[in-house]
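Visitor: Model the structure of this input:
(2 chains)
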There are 2 protein chains.
Amino acid sequence: MNTDKIRQDIRGLKDGKIFLNNAGSSLMPSVVVDSMIDYLELEEQMGGYEVANRNSEVLEEFYSETAKLINAKPHNIAFATSATEAFAKALSSIIFKENDVIITTADDYISNQITFISLQKKLNVKIIRMKNLPDNELDLDDLEKLIKEHHPRLVAVTHIPTNSGLIQDVEGVGKLCKQYDILYLVDACQSVGQMVVDVQKINCDFLTATGRKFMRGPRGTGFLYVSDKALKENYAPLLLDMRGADWTAPDDYILFDTAKRFEHWEISYASLAGFTQALKYANTIGMHEIEKYNASLSQTLRNNLQSSGFRVWDLGKHLSSIITFTGPEGDLDAIQKVLNDNSVFFSVTYKNSALIDFTRKNIHGIVRLSPHYFNTLEEIENVSAMLKESLA
Amino acid sequence: MNTDKIRQDIRGLKDGKIFLNNAGSSLMPSVVVDSMIDYLELEEQMGGYEVANRNSEVLEEFYSETAKLINAKPHNIAFATSATEAFAKALSSIIFKENDVIITTADDYISNQITFISLQKKLNVKIIRMKNLPDNELDLDDLEKLIKEHHPRLVAVTHIPTNSGLIQDVEGVGKLCKQYDILYLVDACQSVGQMVVDVQKINCDFLTATGRKFMRGPRGTGFLYVSDKALKENYAPLLLDMRGADWTAPDDYILFDTAKRFEHWEISYASLAGFTQALKYANTIGMHEIEKYNASLSQTLRNNLQSSGFRVWDLGKHLSSIITFTGPEGDLDAIQKVLNDNSVFFSVTYKNSALIDFTRKNIHGIVRLSPHYFNTLEEIENVSAMLKESLA
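Guide: Modelled structure (predicted):
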């Protein structure tokens, strides 16, 4: 990992800033911002349609770069404005009936939980959360039992929860979904860009991701992966627009073949252009490299915090580049003060965003640090040292 | 109208370009582009979350400027990425049952038509299109008859179709919807920014608009208006996310009060910042002024084309700043060549985008010119003259 070169590509790294909020909204490489500004300046000259027409080939690179990143084909990829929008689009392609069952996890993202509750309230869909094992891994035996008992319409799992360091076993879930032929949706919002995500290994029908976090792309970007199987079975958004079909008769249309039918026709092409550069940037470094580097940094940070006396709340066998912790008595204020005083960028999550998890852990909130491959071991040691000192 | 000043605010107006594709994607005022670039550069320095936190008050101006534009209150406004996305969000808040009826028009936008057909195919919702009078105005007697007979779940009308100069009588429809207490959705994609749009006069429950057309904002922006009545009746998107509700128990939430519950939590704030400037720009000039100026320009252009021998396809009593025409025999190629050779920006619509209307008119396509308040009478006369000459 050529960290020096990578840091030179970030105009936002100066004045001693230590940026550890990559699970929130990361720092973009300069090439991402430059490509957006260039695109906007073209639109200013010619209007948005003319620029899109002239750049149609370049804009298609978004699909090939995304496909490369997650081991799919370009026709499986749709642009989205966020992982949550992609998630809603995927869900909207399923016609739920009363008493249909969705199986999910206790650690799924708050927005997904609210979406599920809305489906429960409005359509009488039943939401069941599979159990966790004592070590906080997903209880796949419980999942199999639930599948046999309820024949769910969908299994939906967040790969990496936003509020704990957990990496959920999406491949294990995928095997069961394949075995029992259950539709399977993975929210990879926090994993794409942070670690290798391979849709062939996960065996999912839908996978959603965002641009602004570990992908280091612009805000308002994301993507949806749709499997060949789901495409062949004509899954398409309920509220389809002209991006998705050819209007062939007053009351009929023919669905387009590719995952683009999950897009809205109108998007910000400047954002798509920027996101494409972010995808290229990650692909050029290579996700295996990035994953290895991140695992090492976060392991160091977690160990340092633990040995200094902080309570680290990341429970599970496989942990990610999200480190969540509190003071020894669950306090957050002192930690925030030290980090703010030292220009460390971080985030805080309170219980209302992680209701099930934090109730179980009996905490009201956590401080979250999320290092990424442009961070140095030196930065991690500095932050560890300043935090340790604050406990003295 | 101070056209000189307005033209100086457009960096894209040079080299003799005549920009007449404002119904496609307009030219942004420089302040729109500058505000987006400034915002992106801040995000590059601090990451997207920090910038949004520090600018939260400025970002709220989007709601007050939009409210001012359409005579609503800020709490009635939601940001959207396009009119079509806003349209889908509004529709998603209605739980359609089998045999529910949606009444719409023959001239509704292609994406809306495809959405309705999808609802028809997947949920067995019935789509009925109200009749037109011989002069192409909406037949409101027919609408009243349809309402009495079918008790529709929704009436949905496109204010200005994208492929003809028609302005549909959304106020007349609104009176009937109010009288019979029918939910009413207006697609104002082509009217907002072009002419006065007043939600109090229209009396709609939902109104959708886009940023990139006559509003002169960035691509990937739009808004949704939601009436107080619809808010009080707890309309909210089916696939709600954390922007819309407070997660209060594992299987419960409390809906937020304002129309923001129709937004996705994650958006491009740079685009929102740019759109806000576009809204301010239009509000500062004043929509009454803009409407008056546009009506005069488009009237001149339409008259010139007609007297030169072109076939103008804009049928209706009230016509907009969208002028659609063909050669005397329905030909489009010669027109396109002249316009392209003279750096005139325009667009072409083919039958598959306006299936019902163009079948009725028995044409395979039209050339569309859409002047706006930054165009001069001189430009209109020049374009009229070059087109006339091409027929000679």
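
Visitor: From now on I want contacts and neighbour counts done on CA atoms only, so please keep to that.
Guide: Will do.

Visitor: for A:Val344, what are its contacts?
Guide: A:Lys17, A:Ile18, A:Phe19, A:Leu20, A:Val383 (C-alpha atoms under 8 Å, 6 or more residues apart in numbering or on different chains).

Visitor: repeat for A:Ala295
Guide: A:Ser320, A:Ser321.

Visitor: 10 Å instead?
Guide: A:Gln194, A:Met195, A:His318, A:Leu319, A:Ser320, A:Ser321, A:Ile322, A:Pro371, A:His372, A:Tyr373 (C-alpha atoms under 10 Å, 6 or more residues apart in numbering or on different chains).

Visitor: and what of A:Leu272?
Guide: The contact partners of A:Leu272, by C-alpha under 10 Å, 6+ apart, come to A:35-36, A:39, A:59-62, A:79-81, A:211, A:217-218, A:220-222, A:278.

Visitor: A:Gly274 too?
Guide: For A:Gly274, the contacting residues are A:28-39, A:62, A:211, A:216-219, A:221, by C-alpha under 10 Å, 6+ apart.

Visitor: List, out of those, those positioned next to chain B.
Guide: Contacts with chain B within those, counted by C-alpha under 10 Å from any C-alpha of the partner chain: A:28-30, A:32-34, A:36-38, A:216, A:218-219, A:221.

Visitor: Quick one: which of these is the most crowded by neighbours?
Guide: Across those, neighbour numbers were computed from other C-alpha atoms under 10 Å in any protein chain shown; A:Pro218 holds the maximum, 37 neighbours.

Visitor: for that residue, helix, strand, or coil?
Guide: Here A:Pro218 is coil, with the state taken from DSSP: H, G, I helix; E, B strand; the rest coil.

Visitor: That one contacts B:Ser268, doesn't it?
Guide: Yes. Applying C-alpha atoms under 10 Å as the test, A:Pro218 and B:Ser268 come out as touching, 7.6 Å apart.

Visitor: what touches both of these two?
Guide: Between them, A:Pro218 and B:Ser268 share the neighbouring residues A:Thr81, A:Arg212, A:Ser271, B:Leu40, B:Gly48, with contact defined by C-alpha under 10 Å, 6+ apart.

Visitor: After the strand or helix carrying the third one, which helix or strand is next?
Guide: With elements delineated by DSSP states H and E, A:Ser271 resides in helix A:269-285, which encompasses its position. Counting by DSSP H and E, the element after helix A:269-285 in chain order, helix or strand, is helix A:287-308.

Visitor: roughly how far out does that next one sit from the chain middle?
Guide: 19 Å (C-alpha atoms, centre = their mean, to the nearest Å).

Visitor: Pairing partners for the following helix or strand past it, with directions?
Guide: On the C-terminal side of helix A:287-308, the nearest following helix or strand under DSSP H and E is strand A:311-312. Next to strand A:311-312 in the sheet, as set by DSSP bridges, lie strand A:323-326 (antiparallel).

Visitor: what pLDDT, on average, does the strand it pairs with get?
Guide: The average pLDDT within strand A:323-326 is 98.

Visitor: Now do the helix or strand just after it: which elements does it pack against?
Guide: Proceeding N to C from strand A:323-326, the next assigned helix or strand is helix A:333-341, under DSSP H and E. On a contact count with 3 or more C-alpha pairs under 10 Å, 6 or more residues apart in numbering or on different chains; DSSP states H and E, helix A:333-341 meets strand A:323-326, strand A:344-345, strand A:365-369, helix A:377-391.

Visitor: Which among those is found nearest to A:Ala334?
Guide: When the helices and strands packed on helix A:333-341 are compared for distance to A:Ala334 using C-alpha to C-alpha, the nearest one is helix A:377-391, at 7.4 Å.

Visitor: Please name the residues that touch A:Arg15.
Guide: Heads up, residue A:15 is Asp, not Arg. Residues near A:Asp15 by C-alpha under 10 Å, 6+ apart: A:Ser343.

Visitor: For the stretch 201-350 of chain A, list the residues in contact with chain B, please.
Guide: When proximity is defined by C-alpha under 10 Å from any C-alpha, the stretch 201-350 of chain A lies next to chain B at A:210, A:212-213, A:216, A:218-222, A:236-254, A:264-271, A:345-347.

Visitor: Among these, name the ones in strands.
Guide: Judged by DSSP state E, the subset of those located in strands is A:Thr210, A:Gly222, A:Ala245, A:Asp246, A:Trp247, A:Thr248, A:Ala249, A:Asp252, A:Tyr253, A:Ile254, A:Phe345, A:Ser347.

Visitor: Noted, bye for now.
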